[in-house]
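Student: here are the coordinates; sequence isn't available:
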């Protein structure tokens, strides 16, 4: 295929727009979540007793809590999106329409990957940010000046932005192999994508334990799924969850650990596996046009 | 003029089943070709190979390109409508136009809007809100607004009522077809496309059983309605198929000697539908 680069970019932008048309949840879900949090801030209890020494920490914890909520919803949604994105159009046969257009399978696969790893996180980032601002405003009007005041700190907001950006970049790299696997299942399975995404790794894991007595695969998978925080952040990260003690004041700058993340062999080994899987996804997408 | 499609020894295997078995055919520009066959004969597989949707064995060239390797590039010059159900239900009509206009260099937006303006469809409707006939109108408007060299239609009117089917083919002939275009249609509803074809291809068990321009059907085939007393002589002239009807027997002949056959009874050129039944029943027997 000889597509000039500007045409590939043009196609990719249209394809991403297409994803936003099809999957309105990408922006509806964070908006609804943000709306619920706003309602909670408007009508919920805000007259919490705040110990004077922990004042600023409460604000940080509050914003951090919002962030985690958005983040959890996003992880669940992205997983579903990746499993679904190359499967639904085969199931309803609309893949035949998409494939009747001069758009390559590589462009299709990469635009869906970019939607999952960049577009969705950025949408959540923007909505979470706006929600936090509004909530900070509401709380500072409704609650004690101590709690409210702790939310209006320029450096805090800068930290939040930096934290989000760091999250987006590192998450995309770290979870590339997971995204690759989910997309491979989505491009390949004729039905039951959820089962296909879980059963083969589970079977391999059990087979390895029974026949070889080792646990390499299990360790790798668990490390990939749950090891992100440990690799990308300093160990003090959990300090923020507590309201007492000096760790409260820890700034986001001290939490992020890009040097460790970028120099960790697991980061790049995972990325390599991710690229290999994505290559596989493109090959499968080339050949498969039906499901069910 | 160079051929639009050239296939030599085109084969496709699904496990033990040979869906296409060394099929050879050539399609010239400016023709409207009907690829006709019973279910499971290899029609859809042949279409998929031509559209680059499936790998195959043998050689296949569409507009000088190798379809499977170059599908995306090929689709700039080829337009394709599978059956009516394939437009995604969540897509809005105006966005379908935006999208195709965005990615297709040969799409003329004004043309699509003009074609849609003749229908009852409004631009803010999503496909799921439209009837099957309206979905076809949307798809046809999109396809006809593309300045393609080859239009491939795979069972394009499946599930449509008679009015919608007639409307579909009328639009195709009146508003789309000209000498610079080629259309390839598969269907098993032969009667429906009989009058618009310039060429017929019968496909059976993965092979091309007949490939003939419509204007040559009269010299290549004949059917004679023979009275009871003449049946033995007619049978001796080696028909490839016979069928009893209303006290007469219809005998079908290939490369007929028209003068000789005329003596047995009333002579006709068989319709494509009749020829299809005759050719394929004979082979099944």
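Tutor: Great, that's in hand. For clarity, every value in this text was computed on a predicted model and none was experimentally measured.
Student: can you map out the helices along the stretch 1-150 of chain B?
Tutor: B:43-50, B:71-74, B:93-103, B:109-117, B:132-144 (DSSP state H, counting those that start in this stretch).
Student: which one of those is the most hemmed in?
Tutor: helix B:43-50 (a mean of 24; mean count of other C-beta atoms under 10 Å in any protein chain shown). Any C-beta I mention is one placed from the backbone N, CA and C, and that applies to glycine too.
Student: low-confidence ranges, chain A, go.
Tutor: Along chain A, segments meeting pLDDT under 70 span A:1-4, A:45-60, A:143-151, A:235-252, A:291-292.
Student: and it, which of its residues are near chain B?
Tutor: With C-beta under 8 Å from any C-beta of the partner chain as the criterion, chain A meets chain B at residues A:1-3, A:10-11, A:14-15, A:17-18, A:21-22, A:89, A:92-97, A:99-105, A:107, A:286-287, A:289.
Student: give me that answer again for 6 Å
Tutor: Applying C-beta under 6 Å from any C-beta of the partner chain, one finds that chain A approaches chain B through A:1, A:11, A:14, A:18, A:21-22, A:93-94, A:96-97, A:100-104, A:289.
Student: quick one: contacts for residue A:101?
Tutor: By C-beta atoms under 6 Å, 6 or more residues apart in numbering or on different chains, the residues touching residue A:101 are B:75, B:103.
Student: what distance separates the helix or strand where residue A:220 lies from the centre of its chain?
Tutor: Per DSSP states H and E, residue A:220 falls inside helix A:216-226. Taking the mean of its C-alpha atoms, helix A:216-226 sits 18 Å from the chain's own mean (C-alpha atoms, centre = their mean, to the nearest Å).
Student: and the two most separated of the residues of chain A next to chain B?
Tutor: Pairwise distances across those (C-beta to C-beta) peak at 25.2 Å, for the pair A:1 and A:21.
Student: so these two - more neighbours on which side?
Tutor: Remark: of residue A:1 and residue A:21, residue A:21 carries more neighbours, 18 against 14, as counted by other C-beta atoms under 10 Å in any protein chain shown.
Student: you'd agree the more buried one is in a helix?
Tutor: Yes: according to DSSP: H, G, I helix; E, B strand; the rest coil, residue A:21 belongs to a helix.
Student: read off the pLDDT value for the closest residue to it other than its chain neighbours.
Tutor: With sequence-adjacent residues excluded and distances taken as C-beta to C-beta, 6 or more residues apart in numbering or on different chains, residue A:21 is closest to residue B:95, at 5.7 Å. On pLDDT, residue B:95 comes in at 95.
Student: and for residue B:85?
Tutor: Listed pLDDT for residue B:85 reads 64.
Student: equivalent analysis for residue B:141, please.
Tutor: Here, the pLDDT recorded for residue B:141 equals 89.
Student: re earlier: next SSE downstream of the helix holding residue A:220?
Tutor: Assigned by DSSP H and E, the successor of helix A:216-226 is helix A:228-232.
Student: got the buried residues for that following helix?
Tutor: Using 16 or more other C-beta atoms under 10 Å in any protein chain shown as the test for burial, helix A:228-232 gives A:228, A:231, A:232.
Student: same check on stretch B:25-33?
Tutor: B:25, B:27, B:28, B:29, B:31, B:32, B:33.
Student: mind checking the end-to-end distance for it?
Tutor: 11 Å (C-alpha to C-alpha, to the nearest Å).
Student: ok now the longest helix anywhere in chain A, how far from the chain's centre?
Tutor: Of all segments of type helix in chain A, defined using DSSP state H, the longest is helix A:55-84. When distances are taken as C-alpha atoms, centre = their mean, helix A:55-84 is centred 9 Å away from the chain's centroid.
Student: what's the answer for stretch B:215-230, then?
Tutor: For stretch B:215-230, the distance to the chain centre is 25 Å (C-alpha atoms, centre = their mean).
Student: helices of the stretch 151-285 of chain B, start to end?
Tutor: Under DSSP H, counting those that start in this stretch, the stretch 151-285 of chain B gives helices at B:162-171, B:190-193, B:217-220, B:231-236, B:258-262, B:272-284.
Student: can I get the ones you listed in CSV with mean pLDDT and distance to chain A?
Tutor: Below are the helices of the stretch 151-285 of chain B laid out as CSV (pLDDT from 0 to 100; distance: least, C-beta to the nearest C-beta, whole Å):
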stretch, mean pLDDT, distance to chain A
helix B:162-171, 83, 17
helix B:190-193, 82, 20
helix B:217-220, 85, 32
helix B:231-236, 82, 47
helix B:258-262, 78, 45
helix B:272-284, 78, 26
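Student: got JSON lines for those helices, with mean neighbour count too?
Tutor: As requested, these are exported to JSON lines (neighbours: other C-beta atoms under 10 Å in any protein chain shown):
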{"stretch": "helix B:162-171", "mean neighbour count": "15"}
{"stretch": "helix B:190-193", "mean neighbour count": "18"}
{"stretch": "helix B:217-220", "mean neighbour count": "14"}
{"stretch": "helix B:231-236", "mean neighbour count": "14"}
{"stretch": "helix B:258-262", "mean neighbour count": "13"}
{"stretch": "helix B:272-284", "mean neighbour count": "18"}
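Student: what would these look like in a markdown table with distance to residue A:200?
Tutor: Converted to a markdown table, those look like this (distance: least, C-beta to C-beta, whole Å):
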| stretch | distance to residue A:200 |
| --- | --- |
| helix B:162-171 | 45 |
| helix B:190-193 | 46 |
| helix B:217-220 | 55 |
| helix B:231-236 | 63 |
| helix B:258-262 | 66 |
| helix B:272-284 | 44 |
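Student: for residue A:208, which of the ones you listed is the nearest?
Tutor: Across these, residue A:208 has its closest neighbour in helix B:272-284 (53.8 Å, C-beta to C-beta).
Student: what is the closest one packed up against?
Tutor: Helices and strands touching helix B:272-284, by 3 or more C-beta pairs under 6 Å, 6 or more residues apart in numbering or on different chains; DSSP states H and E, are helix B:190-193, strand B:199-204.
Student: just give me the residue closest to the centre of the chain.
Tutor: Just going to use chain A. Geometric centre of chain A, nearest residue: residue A:75, 4.8 Å, by C-alpha atoms, centre = their mean.
Student: wait, I meant chain B there
Tutor: residue B:185 (2.2 Å).
Student: any idea of the pLDDT on the closest residue to it other than its chain neighbours?
Tutor: Spatial nearest neighbour of residue B:185, chain neighbours left out: residue B:153 (4.6 Å); criterion: C-beta to C-beta, 6+ apart. Here, the pLDDT recorded for residue B:153 equals 90.
Student: surely residue B:108 and residue B:146 touch.
Tutor: No: in this structure, residue B:108 is not within contact of residue B:146 by C-beta atoms under 6 Å, at 7.7 Å.
Student: now, which of the buried residues of helix A:228-232 sits nearest residue B:160?
Tutor: Using C-beta to C-beta, the buried residues of helix A:228-232 come closest to residue B:160 at residue A:228, 52.5 Å.
Student: can you report phi and psi for whichever residue of the stretch 151-292 of chain A sits closest to chain B?
Tutor: Of all residues in the stretch 151-292 of chain A, residue A:289 sits closest to chain B, at 5.0 Å by C-beta to the nearest C-beta. When read as degrees, to the nearest 10, the backbone of residue A:289 gives phi -130, psi 10.
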